[in-house]
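Participant: Can you look at this prediction? I've put the sequence above it.
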Amino acid sequence: MNAANGGRPLVGIVLVSHSAAVATAVAELASGLAGGGATAPVAAAGGTPDGGLGTSSELIAAAAHQVDQGAGVAILTDLGSAVLTVKTLLAEEDELPPGSLLVDAPFLEGAVAAVVTASAGADAAAVAQAAQEAYEYRKQ
Amino acid sequence: MTDSETAATGAYDTAFFLRWMALVATAVEREAGRLTELDAAIGDADHGSNLQRGFRAVTTALAEEAPKNPGQVLVLAGRTLISTVGGASGPLYGTLLRRTGKTLGEAEQVDAGQLRDGLRTGVEAVAKLGGSAVGDKTMLDALVPAVDALAESFGAASDAAEQGALATVPLQARKGRASYLGERSIGHQDPGATSSALLIAALAEAAA
């Protein structure tokens, strides 16, 4: 599945939103814009397990383990409890895969930058950097 | 024995911490409507129901897993809040209890000084997680004065937390969803500071 970079593991991307629909749609958009061929694994962790708006530490941890290939997991969030929950999970050693990090980036633009960069085989720091730089993309 | 003697010389065992958590759960059930009402004014009207869900799960987890010491009680309660609340109060209260519990370690009972130091470490972790300070109209406006007053007595800590929560009314929110309201957040009591005062009142009740 990693033909693009000779089979090396890729950085996984987790998208955390208060809304399952938002997380899923942004994941589809980012994967779609990353183009065909081998793309980095992306998982959505949106809403609460019962389908409501909110943040679920269990969905986040499950998504992170799902996309973990051993190269690190870059986690992007929307706001509020999504940010706090990821930070709280990162404060424990055993709740997220090794090499997981919270990326300080705009959710949608950062997700696109992260998936494109990770799909090209960049390491976790470079993926985070690319996503963070999306803050500098001005629209006017 | 007066409150101040209790705070100065008492020893607190697993049963004390279980009683504290049970009293918090009772207070949350009693006050959930009021917490949600306060949250409706400047937040998203779910603080009471979120904490209700969280502390019901805490009650179940403590009964099922039977933690063996004070540290384990608080770590389990904290973890349960983090995984069940679904809003910002989950990671915030979860961090408070989990960090306090980790600071208490595996001791079978702790003295007042250890409890105070543990709580202070927990409150500092909340401040770091939220990037907030006293005066931002958050939980810290009740928790920080409460921990300061704990050296005096549990009753003083409870009073300080209550006063701190009331003192959030004229403040403008600088953190969380309420901060989007800007000056319109002035004139409302902060729901997080209010629930924090319940937590400290339950601690005083457990010690009485």
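Facilitator: Here it is on my side, so go on.
Participant: how about the strand or helix carrying residue B:201, does it reach chain A?
Facilitator: Assigned by DSSP states H and E, residue B:201 belongs to helix B:191-207. No. Using C-beta under 8 Å from any C-beta of the partner chain, helix B:191-207 never reaches chain A; the gap is at least 12.1 Å. The C-beta positions use only the backbone N, C-alpha and C, and glycine is treated the same way.
Participant: What parts of chain B come near chain A?
Facilitator: B:82-83, B:86-88, B:90-92, B:94-95, B:129-130, B:176-177.
Participant: Which two among these are spaced furthest apart?
Facilitator: B:83 and B:177 (21.5 Å; C-beta to C-beta).
Participant: Setting aside sequence neighbours, what's the nearest residue to residue B:136?
Facilitator: Leaving out its chain neighbours, the residue that sits closest to residue B:136 by C-beta to C-beta, 6 or more residues apart in numbering or on different chains is residue B:174, at 4.2 Å.
Participant: Please enumerate residues in contact with stretch B:89-96?
Facilitator: A:55, A:57, A:81, A:84-85, A:87-88, A:91, B:47, B:50-51, B:54, B:78-85, B:122-123, B:125-126, B:129-130, B:139, B:143, B:192, B:195, B:199 (C-beta atoms under 8 Å, 6 or more residues apart in numbering or on different chains).
Participant: Check stretch B:178-195 too.
Facilitator: So stretch B:178-195 is contacted by B:28, B:31, B:34-36, B:38-39, B:41-43, B:47-48, B:51, B:89, B:92-93, B:137-142, B:164-166, B:168-173, B:176 (C-beta under 8 Å, 6+ apart).
Participant: okay, that stretch in CSV with CA atoms only?
Facilitator: Taking C-alpha atoms only, stretch B:178-195 is exported to CSV below (Å, rounded to 0.1, in the frame of the first residue of the first chain):
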residue,chain,number,x,y,z
ALA,B,178,-18.0,32.0,26.3
SER,B,179,-15.1,34.1,25.2
TYR,B,180,-16.7,34.5,21.7
LEU,B,181,-19.4,36.5,23.4
GLY,B,182,-16.9,39.2,24.5
GLU,B,183,-18.5,41.8,26.7
ARG,B,184,-21.8,39.9,26.6
SER,B,185,-20.3,37.3,28.9
ILE,B,186,-20.3,39.9,31.7
GLY,B,187,-23.1,39.6,34.2
HIS,B,188,-23.3,35.8,34.1
GLN,B,189,-21.8,33.3,36.6
ASP,B,190,-19.4,30.9,35.1
PRO,B,191,-20.7,27.4,34.9
GLY,B,192,-17.3,25.8,35.3
ALA,B,193,-16.4,27.8,38.4
THR,B,194,-19.9,26.9,39.8
SER,B,195,-19.3,23.2,39.3
